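Asks: Provided below for reference: sequence and predicted model.
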Amino acid sequence: MPLTVVTFYKFVALPDYPALQQPLQASCQQHGVKGTILLAKEGINGTIAGTPAGVQAILEHLQSDARLSDIEIKTSLASEPPFEKLKVRLKKEIVTLGLPEVSPTQQVGTYVPPQQWNKIISDPEVTVIDTRNHYEVGMGTFQRAQNPHTDTFNEFPNYAKENLNPNKHKKIAMFCTGGIRCEKASSYLLSQGFEAVYHLKGGILKYLEEVPQQESLWEGECFVFDERVAIKHGLETGSYSLCYACGHPVSVEDQSSEHYESEVSCPHCFSELTPERQAKLRERKRQRQMNKQQ
């Protein structure tokens, strides 16, 4: 039976967020659900996987809290477990911008449903920005989108200060994987004097789920933060793998390189790996294979 994978988040005031950790972790363990869930004063963010019944039980646990009853959910399937462990963590921010005063609960840009996104980003007066990190953008992005070339999301404010001007960029449309980063980025831009700020509701995942491929303006694959590595239209698993040595996505072309060894090395890190490090990675690979067989 395919496993259900659910991604969710919501910006909402959770002053009691530490008290939510233990009951949520216990419920996930009880129902055999794995993945990562982040809790902070500003809200919740997570991706979990398990049996359909197990995942549904966790969603019901979350939605029993009135503050999370309308939490944004995106569902897909996986043939193999995308997570090895369960992590329910307390954080300062559910997505780290480094500016706690920026809050989508106070002000946020205009949400654009996937069905209306093509019209927005095809407008030549709209500046389209991909708010993800550079290696994610390299795997796929929307037509006309600018790449900020950031390594982490907290570099976005500097990018905006150096490249965007409220007097010049009258309309801005942003997107990210699930919607959380561009939602916070839109709040930041509004605080800096930008007036017309749009962001893709539900992110790339919702777009790839709902917009037919023949109508799509998406090019390439979309990086996801689990062992599927990338997904395509219809939320099908993509062609990329992940290098466990450096964490870099590995394309089909990279996998044909003499420097690629599954779970050990890739062309991006081979020259920096010591023999000792390679030996440790091969042992970890052996342990992972044994665990999967069990």
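Replies: Structure's in. What do you need?
Asks: Go through stretch 99-111 and flag the buried ones.
Replies: By neighbour count, with 16 or more other CB atoms under 10 Å as the criterion, the buried positions of stretch 99-111 are 102, 103, 104, 108, 109. (Glycine included, C-beta is placed from N, CA and C.)
Asks: distance of the second one from residue 168?
Replies: Which is residue 103. According to CB to CB, to the nearest Å, residue 103 stands 26 Å off from residue 168.
Asks: Can you show me the helices along the stretch 51-200 of the chain?
Replies: When assigned using DSSP state H, counting those that start in this stretch, the helices of the stretch 51-200 of the chain occupy the ranges 52-63, 114-121, 134-139, 156-163, 180-191.
Asks: elements contacting the second one?
Replies: With contacts defined as 3 or more CB pairs under 8 Å, 6 or more residues apart in numbering; DSSP states H and E, helix 114-121 has these neighbours: strand 171-175, strand 196-200, helix 203-210.
Asks: Could you tell me the angle between that helix and strand 196-200?
Replies: Using axes from the mean of the first three to the mean of the last three CA atoms, to 10 degrees, one finds that helix 114-121 and strand 196-200 are set 140 degrees apart in direction.
Asks: contacting residues around the most centrally placed residue in the chain?
Replies: The geometric centre of the chain, computed from its C-alpha atoms, lies nearest to residue 177 (CA atoms, centre = their mean), at 4.5 Å. By CB atoms under 8 Å, 6 or more residues apart in numbering, the contact set of residue 177 is 132, 136, 203, 204, 205, 222, 223, 224, 225.
Asks: In a markdown table, list those residues along with neighbour count, pLDDT and distance to residue 79.
Replies: What follows is the contacts of residue 177, written out as a markdown table (neighbours: other CB atoms under 10 Å; pLDDT from 0 to 100; distance: CB to CB, whole Å):
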| residue | neighbour count | pLDDT | distance to residue 79 |
| --- | --- | --- | --- |
| 132 | 27 | 96 | 25 |
| 136 | 23 | 94 | 23 |
| 203 | 26 | 94 | 23 |
| 204 | 29 | 96 | 21 |
| 205 | 22 | 91 | 18 |
| 222 | 25 | 95 | 18 |
| 223 | 23 | 93 | 19 |
| 224 | 24 | 90 | 15 |
| 225 | 15 | 82 | 18 |
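Asks: for the record, mean pLDDT for the longest helix that the chain contains?
Replies: When the chain is parsed with DSSP state H, its longest helix is helix 275-293. Taken as a whole, helix 275-293 carries a mean pLDDT of 85.
Asks: And stretch 145-159, by the same measure?
Replies: Over the span of stretch 145-159, the pLDDT mean works out to 96.
Asks: Residue 86 is in contact with residue 29, correct?
Replies: Yes: under the criterion of CB atoms under 8 Å, residue 29 is in contact with residue 86, at a separation of 6.5 Å.
Asks: Whatever helix or strand residue 21 lives in - contacts with which helices or strands?
Replies: Remark: residue 21 resides in helix 17-30, with elements defined by DSSP states H and E. With contacts defined as 3+ CB pairs under 8 Å, 6+ apart, helix 17-30 has these neighbours: strand 34-40, helix 52-63, strand 86-90.
Asks: now, of these, which is deepest in the fold?
Replies: strand 34-40 (a mean of 21; mean count of other CB atoms under 10 Å).
Asks: For the helix or strand following it, enumerate the helices and strands it packs against.
Replies: The C-terminal neighbour of strand 34-40 among helices and strands, as given by DSSP H and E, is strand 43-50. Where contact means 3+ CB pairs under 8 Å, 6+ apart, strand 43-50 is packed against strand 3-11, strand 34-40, helix 52-63.
Asks: Just give me how far the shortest one sits from the chain centre.
Replies: So the one you mean is strand 34-40. Taking the mean C-alpha point of strand 34-40 and that of its whole chain, the gap between them comes to 13 Å (CA atoms, centre = their mean, to the nearest Å).
Asks: same question for that strand, mean pLDDT?
Replies: Throughout strand 34-40, pLDDT has a mean value of 97.
Asks: CA atoms only: put that strand into CSV for me.
Replies: Output of strand 34-40 as CSV, limited to C-alpha atoms (Å, rounded to 0.1, in the frame of the first residue of the first chain):
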residue,chain,number,x,y,z
LYS,A,34,7.4,9.8,10.8
GLY,A,35,8.7,13.1,9.5
THR,A,36,9.5,16.5,10.9
ILE,A,37,7.1,19.0,12.6
LEU,A,38,8.3,22.4,13.7
LEU,A,39,6.4,24.4,16.4
ALA,A,40,7.0,28.0,17.2
